[in-house]
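Enquirer: I'll drop the sequence and a predicted model, then ask my questions.
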Amino acid sequence: MTEADDARKRILEKAEQFFLTHGYSRVTMDDLATELRMSKKTLYRHFSSKEELGEATILASFARIGEELRAILEDERLDFGERLEGFVRTLAGRYARSATVLRDFQRDAPTLWQKLLELRREAVQARFGAFLAAGVKAGALRADVEPRLVVRMMLTLVDQLLRPDVLAELEMTAEQAYPRMLGVILDGIRTKQERHTPPARKPRGTRT
């Protein structure tokens with residue numbers, strides 16, 4: 001890694017940390033330069049504007065979470081249920097940690113918000129499509145379901161529900177909404193053996 005690469009990495013890490021903690025709107029390039037003990041001239045040499053830096057942090061974040069999801073999906077030590085749990089926990093946790101900055105993007109940085117939506121749609125198509133394929137292969141999801149239709153349903157729900165304004169209206173967090181939303185879709189396409197059934201009650205008078 002070159003010195004320039006190292007400096008760029010440091011800037012991205014600090015910017016993402018600040019955006020997640022304080023929100024995008026409250027962070028200035030002056031704040032970042034001071035925290036990094038770097039001149040503004042050096043900072044602007046790597047990123048010409050705060051918006052460019054914001055887009056770079058979005059790209060880096062999506063790349064990182066994509067690798068996390070890929071690792072979960074490809075972990076053959078896990079059965080489908082465990083992969084599902086890891087998949088949901090990873091995504092819901094990420095949305096929860098990003099609540100403040102997502103709200104700022106939607107309200108104050110429309111270009112960045114649209115970029116985020118674009119990347120999120122691409123991620124849903126790629127990662128959720130792979131997730132469906134893994135479920136069918138494992139025998140956990142019905143093979144007769146059209147994957148493109150299910151992915152399109154998921155895209156619609158993500159676009160319409162996982163938005164700061166909608167979550168606020170529903171009085172729900174992403175950690176609450178995402179598992180329920182995913183459950184609504186997956187419950188309809190699980191194979192019978194994968195559907196949860198309550199344990200049978202023992203007849204009265206039966207000793208254990």
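Expert: Looks like it came in fine. Numbers count the residues shown, from 1 in each chain.

Enquirer: What distance do you get for the residue nearest the centre of the chain to V166?
Expert: Note on the chain: the residue nearest the mean C-alpha position is L91, at 3.8 Å, using C-alpha atoms, centre = their mean. Separation of L91 from V166 (C-beta to C-beta, to the nearest Å): 17 Å. For glycine as for every other residue, the C-beta is placed from the backbone atoms N, C-alpha and C.

Enquirer: where's the residue nearest to the centre of the chain, which helix or strand?
Expert: helix 80-97 (DSSP states H and E).

Enquirer: swap in L59?
Expert: Going by DSSP H and E, L59 is in helix 50-73.

Enquirer: Quick check: the closest residue to V136 other than its chain neighbours vs T191, distance?
Expert: In space, V136 comes closest to A143 once its chain neighbours are excluded; the distance is 5.2 Å by C-beta to C-beta, 6 or more residues apart in numbering. Per C-beta to C-beta, A143 is found 9 Å from T191.

Enquirer: Repeat that for M181.
Expert: Distance, M181 to T191, by C-beta to C-beta: 21 Å.

Enquirer: Which of the two has more residues huddled nearby?
Expert: With neighbours defined as other C-beta atoms under 10 Å, M181 and T191 compare such that M181 has more, 19 against 14.

Enquirer: Report pLDDT for that one.
Expert: M181 carries a pLDDT value of 86.

Enquirer: OK, contacts around it?
Expert: Shown in contact with M181 (C-beta atoms under 8 Å, 6 or more residues apart in numbering): 157-158, 161-162.

Enquirer: Mind telling me what element D104 is part of?
Expert: Under the criterion of DSSP H and E, D104 resides in helix 99-108.

Enquirer: what angle do that helix and helix 50-73 make?
Expert: 130 degrees (axes from the mean of the first three to the mean of the last three C-alpha atoms, to 10 degrees).

Enquirer: buried ones in stretch 172-189?
Expert: Neighbour-count burial for stretch 172-189, with 16 or more other C-beta atoms under 10 Å as criterion, is recorded at 174-175, 177-179, 181-182, 186, 189.

Enquirer: Return the subset of these lying in helices.
Expert: Among these, the residues falling in helices (DSSP state H) are 174-175, 177-179, 181-182, 186.

Enquirer: Just the closest of those residues to D79, please.
Expert: The nearest member of those to D79, counting by C-beta to C-beta, is L186 at 14.6 Å.

Enquirer: Quick check: that closest one touching L84?
Expert: Yes - using C-beta atoms under 8 Å, L186 is in contact with L84, at 7.4 Å.

Enquirer: number of nearby residues for E122?
Expert: Neighbours of E122 using other C-beta under 10 Å come to 12.

Enquirer: Check the secondary structure at it for me.
Expert: Per DSSP: H, G, I helix; E, B strand; the rest coil, the secondary structure class of E122 is helix.

Enquirer: rewinding a little: dump the buried residues of stretch 172-189 into CSV; add distance to Q114 as well.
Expert: CSV is the format used below for these (distance: C-beta to C-beta, whole Å):
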residue, distance to Q114
A174, 19
E175, 25
A177, 22
Y178, 21
P179, 27
M181, 22
L182, 24
L186, 29
I189, 31
